[in-house]
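>>> predicted coordinates and the sequence they were generated for:
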Amino acid sequence: MEQQQSTAVVVGAGIAGIASAIRWARKGYAVQVFEANSYPGGKLSEFQLGEYRFDAGPSLFTLPFLVDELFTLCGENPRDHFNYLKKTEECRYFWDDGTRLIAHSDPEAFAEEAQRVLGEPAANIIDQLALAKRQYEATKGLFLERSLHKASTYLRLDALPALAALPSLKLTQTMHGVHAKRFRTPKAIQIFDRFATYNGSSPYQAPGTLSMIPHLEFGFGTFVPYGGMVAITNSLVALAQRQGVVFHYGKGVERIRVEGRRATGLVVQGADVSADVVISNMDVTPTYRRLMPDLPAPEKTLAQERSSSAFIFYWGLRREFPELDLHNILFANDYEAEFRDLFERKVLHDDPTVYVHITSKDLEGEAPAGGENWFVMINAPANYGQDWLALRAQARSAILAKIQRALGVDIEPFIEVEDLLDPPTIEARTGSDRGALYGSSSNKPMAAFLRHPNRHRRITNLYFVGGSAHPGGGIPLCLLSAKIAANL
Ligand SMILES: Cc1cc2nc3c(=O)[nH]c(=O)nc-3n(C[C@H](O)[C@H](O)[C@H](O)COP(=O)(O)OP(=O)(O)OC[C@H]3O[C@@H](n4cnc5c(N)ncnc54)[C@H](O)[C@@H]3O)c2cc1C
């Protein structure tokens, strides 16, 4: 008799949900993905404003081999479907006092530039990047590639480097503390501190272990996908479909059905969908609160402080101002009063620094002739009930003034089309608890161990993937969460 094919259902078509669908299809499962929105990708999606196209969320792409490996897993050549360029400049820093620094991707060139522009000895930059590399190498096997919730993880040989390297992990210092000790100049400290925002944490609270983050940029590089960031989502959805995965859009999941120690399927718009395996790519907090209200929730895990969120202004501009040459620039903020006041009501970090990313593009198809699209992001706390309407208006005028101060151009008259994302909108569009960009913050030394595991402790056919589960938020880690879950 022919054996019936096993089935898996995925709640949400965020990047980790799509990657999970591919991995489980590859295991031989018949996979269905249910997505509440009418489009895939969650935070990693795109939208159009008139003739301007915008990537809605991420702009920084690191560790592209984690995308490539999904194609090779399926026996395909990634280059036939998904391509990207390696950047020679990570970004450009602008300060109000006129200082401008190019962060070259090549560490030596970056260190020389830091010495020339900031007066920071090049050796300090090189030594710090060497520490970042050691920290990354020591921890990747333990923290990033496996479940932290299985004894076997700690008994493996590749857990040894992490244990042997404990002193270099700087667990008892903060990230800022590590940088303040290393660097002579405040601007160098500021540049390295900003990497805490890669997972929505505060450099003043996050452990020194996170000083490893610059290694992602300077060790591996940063990349630009052809077709924009959304090409990651689109090419993986197409790959999943070639593996037989069926996507259902506009289908919000209402319940995960659990009987005893087994998840038995979903309730979608009142209808039962049974399955042998259930994978939630929805944020873990609403997964428990809304989809499984009768199941005891891991309260300690859910009570972890959220990572930061953001204000994003999407502006389509008529390019009638002087050429600014702003491809992927970043303002390092000078702790300005208006930004500090803006978020005074925040309940989160005591970090008053605000970073502003502007990605301006005039690639074909991105903006009309003579137009330019800007993605202006200001880090903000997660949604704890602040008066966002008032904050929006204040944030807008503060950032316009900041741009004028740093670049000498008032761009407001040139804004042709405009949209905005704030923490409540992020929450509404992707289901992220409090609109956090990266799940829980990494502001405590033990934060990594307090993230939700990739499999339910008792219900062993129920998996959790995405930014709120282990190993955390950001595209690479979300892809790793799908890999760890599938390997479990
Ligand atoms: C503005 C912004 C900038 C960022 N910048 C970067 C960056 O530069 N680099 C980087 O690596 N990362 C960045 N990130 C973070 C990165 O985008 C996320 O960590 C990652 O995309 C999250 O993927 P995920 O798999 O957790 O799913 P999400 O993107 O959170 O998607 C979850 C999906 O589940 C769906 N869903 C939720 N509930 C249900 C339900 N009940 N039924 C059906 N579907 C449901 C949602 O609609 C959504 O589509 C940024 C994020 C934002 C918002």
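Cool, got the structure. Just so you know, these numbers come straight off a predicted model, no measurement behind them.
>>> average pLDDT for stretch 89-101?
The average pLDDT within stretch 89-101 is 86.
>>> what comes up buried for the longest helix anywhere in the chain?
Taking DSSP state H as the criterion, the chain has its longest helix at helix 388-407. The neighbour-count check on helix 388-407 (16 or more other Cβ atoms under 10 Å) flags 388, 391, 394-396, 398-400, 402-403, 406-407 as buried. Where C-beta positions appear, they are placed from N, C-alpha and C, glycine not excepted.
>>> ok, the residue in the stretch 351-488 of the chain that the ligand sits nearest to - contacts?
At 2.8 Å from the ligand, residue 466 is the closest residue in the stretch 351-488 of the chain, using Cβ to the nearest ligand atom. Listed by Cβ atoms under 8 Å, 6 or more residues apart in numbering, the contact partners of residue 466 are 12, 14-17, 280-283, 439, 478, 481.
>>> measure residue 443 to residue 450 for me?
Counting by Cβ to Cβ, to the nearest Å, the separation of residue 443 from residue 450 is 11 Å.
>>> neighbour count: the two, which is higher?
Each of residue 443 and residue 450 has its neighbours counted (other Cβ atoms under 10 Å); residue 443 has more, 25 against 16.
>>> can you tell me which residues contact the nearest residue to residue 395 once chain neighbours are set aside?
Nearest non-adjacent residue to residue 395, counting by Cβ to Cβ, 6 or more residues apart in numbering: residue 311, 4.8 Å away. Neighbour list for residue 311: 377-378, 380, 391-392, 395, 420-422 [criterion: Cβ under 8 Å, 6+ apart].
>>> same thing with residue 219?
Counting by Cβ under 8 Å, 6+ apart, residue 219 touches 129, 132-133, 136.
>>> picking up where we left off before, sec struct for the residue of the stretch 351-488 of the chain closest to the ligand, please.
Classification of residue 466 using DSSP: H, G, I helix; E, B strand; the rest coil returns coil.
>>> quick check: closest non-adjacent residue to it.
Counting by Cβ to Cβ, 6+ apart, the residue nearest residue 466 is residue 16, at 4.0 Å.
>>> so which strand or helix has residue 75?
For residue 75, there is no host helix or strand (DSSP states H and E).
>>> likewise the one 10 residues further on?
If you go by DSSP H and E, residue 85 is part of strand 84-86.
>>> that strand pairs with which strands?
Using DSSP bridges, the strands paired with strand 84-86 are strand 223-225 (antiparallel).
>>> do the partner strand and the ligand meet?
No. For a cut-off given as Cβ under 6 Å from any ligand atom, strand 223-225 has no contacts with the ligand; the smallest distance is 10.9 Å.
>>> now that strand: average pLDDT?
Strand 223-225 comes out at a mean pLDDT of 90.
>>> for it, what is the distance to the chain centroid?
15 Å (Cα atoms, centre = their mean, to the nearest Å).
>>> now for the next helix or strand after that strand, which elements pack on it?
Toward the C-terminus, strand 223-225 is succeeded by helix 230-242 as the next helix or strand (DSSP H and E). Identification of packing neighbours for helix 230-242 by 3 or more Cβ pairs under 8 Å, 6 or more residues apart in numbering; DSSP states H and E yields helix 15-26, helix 65-73, strand 246-249.
>>> mind checking these for the one nearest to residue 459?
helix 15-26 (16.5 Å; Cβ to Cβ).
>>> who's in contact with the helix or strand following the closest one?
Counting by DSSP H and E, the element after helix 15-26 in chain order, helix or strand, is strand 30-35. Applying Cβ under 8 Å, 6+ apart, the external contacts of strand 30-35 come out as 5-13, 17-18, 21, 24-25, 240, 243-253, 266, 268, 273, 275.
>>> any chance of the helices and strands packed on helix 230-242 in JSON lines with mean pLDDT, mean neighbour count and distance to the ligand as columns?
Output for those, formatted as JSON lines (pLDDT from 0 to 100; neighbours: other Cβ atoms under 10 Å; distance: least, Cβ to the nearest ligand atom, whole Å):
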{"stretch": "helix 15-26", "mean pLDDT": "98", "mean neighbour count": "28", "distance to the ligand": "3"}
{"stretch": "helix 65-73", "mean pLDDT": "98", "mean neighbour count": "17", "distance to the ligand": "10"}
{"stretch": "strand 246-249", "mean pLDDT": "98", "mean neighbour count": "15", "distance to the ligand": "9"}
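>>> rebuild those as a markdown table, extending it with distance to residue 219.
Formatted as a markdown table, the helices and strands packed on helix 230-242 follow (distance: least, Cβ to Cβ, whole Å):
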| stretch | distance to residue 219 |
| --- | --- |
| helix 15-26 | 22 |
| helix 65-73 | 13 |
| strand 246-249 | 35 |
